[in-house]
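Engineer: dropping the sequence and predicted coords here.
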Amino acid sequence: MANGFKSIFTVLWIGGLWVIGVMVAPILFKSLDNRVAGQVAGQLFRAIGWVGIVAGIYLFVYWLWAEGLRAFQEAKLWLVIGMLACTLINQFAVFPIIAGIKPGISQAATGMFGGGLEQWHTISALIYLVQSVFGVIYVWRDAR
């Protein structure tokens, strides 16, 4: 049963990352007004973030339970930890910053390293990309 949940959480999390990031979000921005597309995409990214938190915690516990401390010698556990870290950073650090900037609709950079909406979207997208690549590597390694 635990192995079945591992598979379900893997599909929901990693499959969801790729479907939302590669298919849904681009279609939204081609089909809708940018403001509306951004709002819908933001809700989807937040939702898959919560799926990632639940799935990541489950997969972390699963691998520790299945492999014991040897799990820390396996790339699969470190990929899960990396993906979970990406999810937590986006969900609890970057998304709140973006939400705080949006009311001002500022595209201008502020401070030494910027800080405008466009920059924070780029940072979030790069974190999401790293997480998605980790996910593909995880699926590839888990299939072996």
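Structural biologist: Thanks, I have it.
Engineer: for the lengthiest helix in the chain, which positions count as buried?
Structural biologist: Criterion DSSP state H: the longest helix present in the chain is helix 34-67. If you call a residue buried by 16 or more other Cβ atoms under 10 Å, then helix 34-67 has these buried ones: 37-38, 41-42, 44-45, 48-49, 51-53, 55-56, 58-60, 62-63. From N, CA and C alone the C-beta is placed, and that goes for glycine too.
Engineer: per-residue pLDDT, the residue lying closest to I57 once chain neighbours are set aside?
Structural biologist: Spatially, and ignoring its direct neighbours in sequence, I57 is nearest to L84 (7.2 Å; Cβ to Cβ, 6 or more residues apart in numbering). pLDDT for L84: 98.
Engineer: and the helix or strand bottoming out on mean pLDDT in the chain, what does it pack against?
Structural biologist: Counting by mean pLDDT, DSSP states H and E, the weakest-scoring helix or strand in the chain turns out to be helix 95-101, with a mean of 90. Counting contacts by 3 or more Cβ pairs under 8 Å, 6 or more residues apart in numbering; DSSP states H and E, helix 95-101 packs against helix 34-67, helix 117-143.
Engineer: got these as CSV, with distance to L17 and mean pLDDT columns?
Structural biologist: Shown next, in CSV, are those (distance: least, Cβ to Cβ, whole Å; pLDDT from 0 to 100):
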stretch, distance to L17, mean pLDDT
helix 34-67, 6, 96
helix 117-143, 5, 94
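Engineer: between those, which one is nearest to E74?
Structural biologist: For those, the distance to E74 is smallest for helix 34-67, at 6.5 Å, taking Cβ to Cβ.
Engineer: neighbours of the residue lying closest to L17 once chain neighbours are set aside, how many?
Structural biologist: Setting aside the residues directly before and after it, L17 is nearest to S132 in space (Cβ to Cβ, 6+ apart), at 4.9 Å. For S132, the count of nearby residues is 18 (other Cβ atoms under 10 Å).
Engineer: repeat for E118
Structural biologist: Neighbours of E118 (other Cβ under 10 Å): 14.
Engineer: and for the one 5 residues further on?
Structural biologist: By other Cβ under 10 Å, 18 other residues sit near I123.
Engineer: no more questions from me, cheers.
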